[in-house]
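Asks: The following block contains a protein sequence and its predicted model.
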Amino acid sequence: MVSTEAIKSVIAEQEAEMIEKFKRENIIERENQSVVTGYLKPNIALIITGLRRTGKSVFSFSILKGENFGYTNFDDERLSDLNANEMNKVLEAIYSLKGNTETFLFDEIQNVYGWEKFISRLVPNHRIIITGSNATLMSRELATRLTGRHLDFVLFPFSFTEYLRFNDFEPRREDVYLTSSIAKIKEYLNTYIEMGGIPEGISIGRRFVLQLVNDIVEKDVIQRYKIKYAKKLKELSHYLLSNFSSEISYNKIKNVLGLRSVTTVSNWVDYLSSSYLVFELNKYSPKLKEQMLSPRKVYSVDNGIINALSFKTTENFGRLMENLVAVELYRRKSYSHSEWEIFYFKDYQQNEVDFLIKEGHTVSELIQATYASAFDEIEKREYRSLIKASNLLGCGELKIITWDYEDTKSIDGKTITFKPLWKWLVTPG
């Protein structure tokens, strides 16, 4: 049992550490910060989830900076024995330190069993931000107590534009036409593709990312879901991350890892997805059953994770580009295009399109990603597949994201836009 005085001491130290962090480190404004801030009001809890160490605490603290608010990080061993019945002590400690505040930020509150009852009591008359590293647990617990009274936001690792800002380079509109600026942007992109966008991964390097992956698998999956066959789960995580930008089959994984059932594979992949380490893309089909039975493609939430676990080679650079495009599309969906549904396309003749964006009943865009710097380096199957999918689905917005080739061409009566990756990342329109 933790005393109120002990909790006060922990809270005071935690806030002092965060304030010092803002003084010491390069803190940038995130792309979705103004959007999230606009929803901060009583009777709606803001839930910020995402991969560990992507800056959820700093992001939330930034939203409230300059205000009088109560802050508690429950991912602290000194608070590990707290349960829902003792959460009033946390309130008493906050009120003692901050006065009668109506705004609270609770980090990793899912570590406290029964936390949702406490939040449910506070929500009607308080502004609340909650952070967490596990999508499934957060949504399941909130669904029972806060139905219709919470909004969820996913914070991704740095986008490329955030990465540029982190490095004190923010391209102006005219920079996309200046040779010197383009060269600098490409140089940063080469590093970003390798290092990724995890803030401390950028600052510290590969060793930090490896430890982070280990912590996610161990703490957010094995311990949280009480996995008995920990070694097999770790093998699965390595398998998925090694096969990024590729189709996977649960049945094949079952056989490769020597697991007893496809259900186990499905559950474990879901756990890893809920911890934001990987995510899956379904094959597009107007028939839901076919979507569910088709192979899925798997991606890592950050290229830095892929490169920390393997060696970067020319052969997989195209896959790294595809992974980066996949993450950026999901980031844009999360931050500003919630109406999007994202799939990959493949027909019975094996014509494949990397990304299909659907809005309502309409397929609005088809996208390929390929490592090419000239038109003659682009394999014909890339644009032939786009054209076939366009004819089948009635979609006229066709795009091929290249490494360094830009043009617009009419091929077989279809207009295809070729756009360099760097430009697509810094000019989303």
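Replies: Thanks, I have it. Numbering: from 1, shown residues only.
Asks: Name the helix or strand of the chain that has the lowest mean pLDDT.
Replies: helix 135-145 (a mean of 66; mean pLDDT, DSSP states H and E).
Asks: Show me the helices in the stretch 101-250 of the chain, by range?
Replies: Taking DSSP state H, counting those that start in this stretch as the test, the helices found in the stretch 101-250 of the chain are 115-122, 135-145, 160-166, 179-195, 199-204, 206-215, 230-242, 250-257.
Asks: Pipe those helices into CSV and attach mean neighbour count and distance to I44 per row.
Replies: (Glycine included, C-beta is placed from N, CA and C.) Below are these laid out as CSV (neighbours: other Cβ atoms under 10 Å; distance: least, Cβ to Cβ, whole Å):
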stretch, mean neighbour count, distance to I44
helix 115-122, 19, 12
helix 135-145, 16, 12
helix 160-166, 19, 26
helix 179-195, 15, 34
helix 199-204, 18, 28
helix 206-215, 16, 31
helix 230-242, 17, 35
helix 250-257, 15, 37
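Asks: Could I get those helices in a markdown table, plus columns for distance to S274?
Replies: Listed next are the helices of the stretch 101-250 of the chain as a markdown table, based on distance: least, Cβ to Cβ, whole Å:
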| stretch | distance to S274 |
| --- | --- |
| helix 115-122 | 17 |
| helix 135-145 | 4 |
| helix 160-166 | 24 |
| helix 179-195 | 25 |
| helix 199-204 | 21 |
| helix 206-215 | 15 |
| helix 230-242 | 13 |
| helix 250-257 | 16 |
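Asks: so which of these comes closest to N73?
Replies: Of all the helices of the stretch 101-250 of the chain, it is helix 115-122 that lies closest to N73, at 13.3 Å by Cβ to Cβ.
Asks: excluding its backbone neighbours, what's nearest the residue minimising distance to the centre of the chain?
Replies: Nearest to the geometric centre of the chain sits F156, at 3.7 Å (Cα atoms, centre = their mean). Closest residue in space to F156, ignoring its immediate chain neighbours: R331 at 4.6 Å, by Cβ to Cβ, 6 or more residues apart in numbering.
Asks: show me the contacts for S336.
Replies: By Cβ atoms under 8 Å, 6 or more residues apart in numbering, S336 lies in contact with N32, V35.
Asks: Distance-wise, check it relative to K56.
Replies: Going from S336 to K56 by Cβ to Cβ, to the nearest Å gives 19 Å.
Asks: Go through stretch 219-228 and flag the buried ones.
Replies: Buried residues in stretch 219-228, counting neighbours by 16 or more other Cβ atoms under 10 Å, are found at D220, V221, I222, R224, Y225, I227.
Asks: follow-up on the earlier one: what's the residue nearest to the centre of the chain sitting at in phi/psi?
Replies: phi -90, psi 170 (degrees, to the nearest 10).
Asks: Would you confirm that it contacts L329?
Replies: No - at 11.0 Å, F156 does not count as touching L329 under the criterion of Cβ atoms under 8 Å.
Asks: OK, contacts around F317?
Replies: F317 neighbours (Cβ under 8 Å, 6+ apart): I193, Y371.
Asks: what helix or strand is it on?
Replies: Using DSSP states H and E, F317 sits in helix 314-335.
Asks: do the same with F343
Replies: Per DSSP H and E: strand 340-346 holds F343.
Asks: any idea of the angle that strand forms with helix 314-335?
Replies: Angle, strand 340-346 to helix 314-335, by axes from the mean of the first three to the mean of the last three Cα atoms, to 10 degrees: 150 degrees.
Asks: which element follows strand 340-346 toward the C-terminus?
Replies: Scanning forward in sequence from strand 340-346 by DSSP H and E, the next helix or strand is strand 352-359.
Asks: Run through the bridge partners of S410.
Replies: T415 (DSSP bridges).
Asks: Model confidence for it, exactly?
Replies: We have a pLDDT of 97 for S410.
Asks: and it, how far is that from E379?
Replies: Distance from S410 to E379, by Cβ to Cβ: 19 Å.
Asks: out of the two, which sits in the busier spot?
Replies: Ranked by neighbour count (other Cβ atoms under 10 Å), S410 and E379 place E379 first, with 11 against 8.
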